[in-house]
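A.B. asks: What follows is a predicted structure for the sequence shown.
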Amino acid sequence: MVSTELPPIEKAKRDAAYACAKKHVYPGCKLGVGSGSTVKYLVEYLEHAYKAGSLNDLVCVPTSFMTKKWLVDSGLPVSDLDITPVLDVCIDGADEVDADLTCIKGGGGCLAREKIVQHASKKFLVIADHTKEAVSLGDRYQYLPIEVLPFASTPVCLEIPRLFGGTAGLRMAAKKAGPVITDNGSYIVDWVFPKQKKMDWKAIQTKLADTPGIVDTGLFIDVVDEVFFAYADGSVKTVV
Ligand code: ABF
């Protein structure tokens, strides 16, 4: 079903998702489907187009349990990377996108699978409302999510501020019932990075990826082919 009356921010999410899907998703497309509330509108578009017969032979590979459920509930064809290891396109949301199209992702805790599916895709597209647009990372978003094996979580929380400043802590579930557990059984460490410093994100990604126990970070660097930013006035800007 297509959403109708929406608050402005939701409408912007929908506009971004629809504009991107209209341009990049085609019959027979092997599509990586990201996570988050903007992607929910992508699923809505796919359901509508698929049921109307204009996306025959579409194959969807979800990046999270939640997205898989949305796809299944919408009657869309779902696959995985064992069956469909090479994807044509991946469309995902982001928490912040800077002028170089570097993204922070992982606010929803799905960053490792999102990065795996992005890496399996020939083209990676980001859909975002205008609140995600930044000149530099940190302009709007406060922290970098990092997925960590539970066994390593305490040393990692100590090491990141020692290396780069800021503070790092385990993401806790609602009512602090315990740490958030990802679809991979890992924890999420949120690093509140120092904003006054100019950060070398590539060097930080390399250092963090080399740290034992870190599964991956929410930094997506040099992988975005096109971003669709949608605004309150109904316009959509693409940046390549
Ligand atoms: C995923 O969903 C993430 O990596 C990012 O954290 C989040 C964006 O969510 P939303 O679309 O709900 O703002 O793409």
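C.D. replies: Structure's in. What do you need?
A.B. asks: how about G75, what does it touch?
C.D. replies: 47, 50-51 (CB atoms under 8 Å, 6 or more residues apart in numbering). Where C-beta positions appear, they are placed from N, C-alpha and C, glycine not excepted.
A.B. asks: Report how many residues lie close to D88.
C.D. replies: Look at D88: counted by other CB atoms under 10 Å, it has 17 neighbours.
A.B. asks: contacting residues around it?
C.D. replies: D88 makes contact with 29-31, 121-123, according to CB under 8 Å, 6+ apart.
A.B. asks: Confirm that it sits in a strand.
C.D. replies: Yes - assessed with DSSP: H, G, I helix; E, B strand; the rest coil, D88 lies in a strand.
A.B. asks: where's V180 relative to the ligand, distance?
C.D. replies: 13 Å (CB to the nearest ligand atom, to the nearest Å).
A.B. asks: That residue reaches G109, doesn't it?
C.D. replies: Yes - between V180 and G109 there is a contact at 5.6 Å, judged by CB atoms under 8 Å.
A.B. asks: what do these two both touch?
C.D. replies: Joint contacts of V180 and G109 (CB under 8 Å, 6+ apart) are 171, 188.
A.B. asks: Pull up the residues of the protein that are close to the ligand.
C.D. replies: 34-38, 92-95, 105-108, 110-111, 114 (CB under 6 Å from any ligand atom).
A.B. asks: And these, which of them are buried?
C.D. replies: For those, a neighbour count by 16 or more other CB atoms under 10 Å gives the buried set as 34-36, 38, 92-95, 105-108, 110-111, 114.
A.B. asks: ok, V180 and G109, which is more surrounded?
C.D. replies: For V180 versus G109, neighbours defined as other CB under 10 Å are more numerous around G109 (24 against 17).
A.B. asks: Could you pull up the residues touching the more buried one?
C.D. replies: 145, 147, 171, 180, 182, 188 are the contacts of G109 under CB under 8 Å, 6+ apart.
A.B. asks: Redo the residues you listed as CSV? Include pLDDT and distance to M199.
C.D. replies: As requested, the contacts of G109 are arranged in CSV below (pLDDT from 0 to 100; distance: CB to CB, whole Å):
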residue, pLDDT, distance to M199
P145, 98, 15
E147, 98, 19
R171, 97, 21
V180, 97, 25
T182, 97, 24
I188, 98, 20
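A.B. asks: Would you mind giving the residues you listed as CSV with secondary structure added?
C.D. replies: Shown next, in CSV, are the contacts of G109 (three-state DSSP):
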residue, secondary structure
P145, strand
E147, strand
R171, coil
V180, coil
T182, coil
I188, strand
